[in-house]
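*Asks:* just a sequence and a predicted model for now, questions to come.
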Amino acid sequence: MKYRTMLVCVTCLFAILALSACRRPASIRPGTIPDTSSEGLPSGNPAPGLISATQTANALPTPTLESIPTETLIVAAPGSEVTPVDIVSTITPNIPAPTLDVIIIPTLPRPATYTMQPGENPYCIARRFNVDIGELLSINNLTTESLPEPGTLIKIPNTGHLWSSGVRALQPHPTQYPVRVGDTITGIACLFGDVSPEAIIAINQFNMPVTLEGGMVIMIP
């Protein structure tokens, strides 16, 4: 009788131990990713070296107006929060185009007469007005050696015969010209052949009367 009673007690003890072992949760093997589903979120910290997507997102700073570059254009409705999605384009600096002065170079009509100026000669006048040098000398009773004084009134031929004694331009232009002591606008024009004094005055925006000083650099159109 005592033996049977002891056997029943031992059997009940093993049954209780077996039931309690079934209710204990199985341990998680170190280094495995725990179940993150909504039905079984684990408690405590994740395995070492693993950071969840939620924690990574929370670690990112929230963009603010101070963190957005100043050259970025922000388009957002009034009262709404600015997010990276609102950044649609960058601003191109609004640099105004340089203002350029429009300089009109006068085209001189061929006059019937012309008053000689300092530094000029008949060949210079013939090149400037594109007339035949032989006709200009002939109608003014001049020779190839003649050098009319400044103030002399000469006739300009109008027969339609153009300059034919070589190229009209004596020097290439447009260019810059360093003024020498004693230079005059009319004399400088003669150095280039087919350039008029009026064109030099216009492109350099000189006021009348023109005063030139040695060392100045002027434009030749």
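*Replies:* Structure received.

*Asks:* neighbours of Ile104, just the number please.
*Replies:* 7 (other CB atoms under 10 Å). In short, each C-beta sits where N, CA and C put it, glycine included.

*Asks:* which ones are touching it?
*Replies:* Ile104 makes contact with Ala202, according to CB atoms under 8 Å, 6 or more residues apart in numbering.

*Asks:* show me where the chain has helices.
*Replies:* 2-23, 53-59, 122-129, 133-139, 185-192, 197-204 (DSSP state H).

*Asks:* domains of the protein: list them as residue ranges, please.
*Replies:* The chain breaks down by automatic domain parsing into domains covering 108-168, 169-221.

*Asks:* show the end-to-end separation of the longest one, please.
*Replies:* It stands for domain 108-168. One end of domain 108-168 sits 16 Å from the other (CA to CA, to the nearest Å).

*Asks:* then the shortest one?
*Replies:* Terminal residues of domain 169-221 lie 12 Å apart, using CA to CA.

*Asks:* how about stretch 172-180?
*Replies:* 19 Å.

*Asks:* flag the shaky bits of the protein, pLDDT-wise.
*Replies:* 1-101 (pLDDT under 70).

*Asks:* 90 instead?
*Replies:* Flagging of the chain using pLDDT under 90 yields the residue ranges 1-109.

*Asks:* Ala199: how many residues sit nearby?
*Replies:* 23.

*Asks:* in stretch 168-184, which residues are buried?
*Replies:* 168, 170, 173, 177, 179, 183-184 (16 or more other CB atoms under 10 Å).

*Asks:* so for Val102, which of the domains of the chain sits nearest?
*Replies:* Comparison of those against Val102 by CB to CB identifies domain 169-221 as nearest, at 11.2 Å.

*Asks:* quick one on the thing from earlier: out of the buried residues of stretch 168-184, which two sit at the greatest distance?
*Replies:* Using CB to CB for every pair in those, the one that comes out farthest apart is Arg168 and Val179, at 22.9 Å.

*Asks:* OK, contacts around Ser165?
*Replies:* By CB under 8 Å, 6+ apart, the residues touching Ser165 are 126, 133.

*Asks:* what about it, distance to Ala189?
*Replies:* Relative to Ala189, Ser165 is positioned 18 Å away (criterion: CB to CB, to the nearest Å).

*Asks:* what does Trp163 give?
*Replies:* 15 Å.

*Asks:* which of those two has more residues huddled nearby?
*Replies:* Taking neighbours as other CB under 10 Å, Trp163 and Ala189 compare with Ala189 leading, 24 against 19.

*Asks:* look up the closest residue to the more buried one, ignoring the ones flanking it.
*Replies:* Excluding its sequence neighbours, the residue lying closest to Ala189 (CB to CB, 6 or more residues apart in numbering) is Pro197, at 4.6 Å.

*Asks:* what's the spacing between that neighbour and Ser138?
*Replies:* Distance of Pro197 to Ser138, computed by CB to CB: 25 Å.

*Asks:* and what of Ile203?
*Replies:* Applying CB to CB to Ile203 and Ser138 gives a distance of 34 Å.
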